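1. Sequence and computational prediction follow.
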Amino acid sequence: MRTTFITKPLEVERKWYVIDAEGQTLGRLSSQIAHVLRGKHKPIYSPNTDVGDYVIVINAEKVKVTGKKLENKTYVRYTGYIGGRKETSLKDMLKNKPERVISHAVKGMLPKNNLGKKMFSKFHVYAGANHKHEAQKPEVMTI
């Protein structure tokens, strides 16, 4: 009798990948990153287990968007105080904190539960070309 294969968390082998965001479109890049973080590129994928790999994104400040998103897209946050709603345009966000643009896009594509938080913790974004994960010997992934 054959049984369904169940992925166990201890059996998962994780790799480290470096992705260069220079010249990449934000949405397409983010969906591919979420795909790798969830582990959907592996044959042992299961939706209730974290089987994804680690992802490092460099050159986040050089990501591009299409259309009029630089002027029209806004990010909204709330400080917790009365009248504390803050809006920031994509143009300002790319200038001041480019890491948050990609992080925000990827986080929205992951599950909204504890499993999604665990997947997101394996994601690292850097504005420039340098990162501090050389000891993990990451492989270059092209998208």
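-> Everything's here; your move.
2. now the strands for the protein?
-> For the chain, the strands defined by DSSP state E occupy 16-20, 54-58, 74-78, 85-89, 123-125, 139-140.
3. Could you identify which of the ones you listed is most buried?
-> Ranked by mean neighbour count, these are led by strand 54-58 with a mean of 21 (mean count of other C-beta atoms under 10 Å). C-beta coordinates here come from the backbone N, C-alpha and C atoms, glycine included.
4. Can you name the residues in contact with it?
-> 14-21, 29, 33, 36-37, 102, 122-126, 128-131, 133, 136, 138, 141 (C-beta atoms under 8 Å, 6 or more residues apart in numbering).
5. Let me have the strands of the chain in TSV, adding mean pLDDT and distance to Asn96 as columns.
-> As requested, the strands of the chain are exported to TSV (pLDDT from 0 to 100; distance: least, C-beta to C-beta, whole Å):
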stretch	mean pLDDT	distance to Asn96
strand 16-20	97	21
strand 54-58	98	17
strand 74-78	96	11
strand 85-89	96	8
strand 123-125	98	14
strand 139-140	96	28
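6. my read: Met109 touches Arg28, true?
-> No: Met109 lies out of contact with Arg28 (C-beta atoms under 8 Å); the separation is 11.4 Å.
7. if you count what's nearby, which of those two comes out ahead?
-> Met109 (16 against 11; other C-beta atoms under 10 Å).
8. if we can go back for a sec, which stretch among the strands of the chain comes nearest Leu10?
-> Of all the strands of the chain, strand 54-58 sits nearest to Leu10, with 17.1 Å by C-beta to C-beta.
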